[in-house]
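[1] A structural model of the following input is requested.
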Amino acid sequence: MSNYAVDSKRAGLRSTGIVNEVREWEERDGKRRPSEMQARDEATGMPLWQVEVVYKQTTFGRESMTTGVVELGCPHRPVLAEFAPVEFVDLTVEVRVNKAGGLSEMWRADRLVDEGKAAGQAPGQSNGSASGSSGQGSKAA
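    Sure thing, here's the model as predicted:
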């Protein structure tokens, strides 16, 4: 298991506009399942969110677009415009070998760079909101 720091600005990440709550896992009938409760960041206590992003990757010389999910903590659901550039503070990816022998990625960031911006606002504009902090996710490079 390896962790890598990622410069989200250089990676060219774009938001898909999809943001989901991260659910707590619970044990029921001998099986693990997501519960109805939203997970919280252990360090900050902030509710956790999964922000879906799209980015360009190159595999064996072939370029393609792929999606990934970045997990972060924020006091409220982040609102991001579709296909707008998105930047994260302290973005990292943890790469693991899965049971099938392939690679899986868990993406985490402390917060969005411009978390206080409303969707569709031009760069440099602000709505005066506070920004959030911390988290986990899956898939991207």
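[2] Low-confidence stretches in the protein?
    115-141 (pLDDT under 70).
[3] any idea how far the residue of it most remote from its centre lies from Arg14?
    Note on the chain: the largest C-alpha distance from the chain mean falls to Asp29, namely 30.5 Å (Cα atoms, centre = their mean). When distance is defined by Cβ to Cβ, to the nearest Å, Asp29 is 40 Å away from Arg14. C-beta coordinates here come from the backbone N, C-alpha and C atoms, glycine included.
[4] Next: Lys56.
    Counting by Cβ to Cβ - Lys56 and Arg14 are separated by 9 Å.
[5] again with Val51
    For Val51, the distance to Arg14 - Cβ to Cβ - is 11 Å.
[6] Next: Thr59.
    The value you get for Thr59 to Arg14, if Cβ to Cβ is used, is 19 Å.
[7] for the protein, what spans make up the strands?
    Using DSSP state E, the strands of the chain run over residues 2-6, 14-21, 23-28, 31-38, 48-59, 62-73, 88-89, 91-97, 103-108, 111-112.
[8] coming back round to it: Thr59 and Arg14: which has the busier surroundings?
    Arg14 (19 against 9; other Cβ atoms under 10 Å).
[9] What about Val89, how many residues nearby?
    16.
[10] For Gly73, see how far away it is.
    11 Å.
[11] Contact partners for Ser15?
    The contact partners of Ser15, by Cβ atoms under 8 Å, 6 or more residues apart in numbering, come to Val51, Glu52, Val53, Val54, Leu80, Ala81, Glu82, Phe83, Ala84, Pro85, Val86.
[12] If we ignore the residues flanking it in sequence, what's nearest it?
    In space, not counting the residues next to it along the chain, Ser15 is nearest to Leu80; the distance is 3.8 Å by Cβ to Cβ, 6 or more residues apart in numbering.
[13] The one you found touches Arg14, doesn't it?
    No. Leu80 is beyond contact range of Arg14, at 9.3 Å (criterion: Cβ atoms under 8 Å).
[14] Next, show the common contact partners of the two.
    Val86.
[15] Could the C-alpha coordinates of stretch 29-39 be exported in PDB?
    Only the C-alpha atoms of stretch 29-39 are listed here, as PDB (Å, rounded to 0.1, in the frame of the first residue of the first chain):
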ATOM      1  CA  ASP A  29     -26.700 -10.500  10.000                       C
ATOM      2  CA  GLY A  30     -23.000 -11.200   9.700                       C
ATOM      3  CA  LYS A  31     -22.600  -8.900   6.700                       C
ATOM      4  CA  ARG A  32     -21.100  -5.400   6.400                       C
ATOM      5  CA  ARG A  33     -23.500  -2.800   4.900                       C
ATOM      6  CA  PRO A  34     -23.700   0.900   4.600                       C
ATOM      7  CA  SER A  35     -25.900   2.400   7.300                       C
ATOM      8  CA  GLU A  36     -28.200   5.500   7.200                       C
ATOM      9  CA  MET A  37     -25.700   7.600   9.200                       C
ATOM     10  CA  GLN A  38     -23.200   9.900   7.400                       C
ATOM     11  CA  ALA A  39     -19.600   9.100   8.200                       C
END
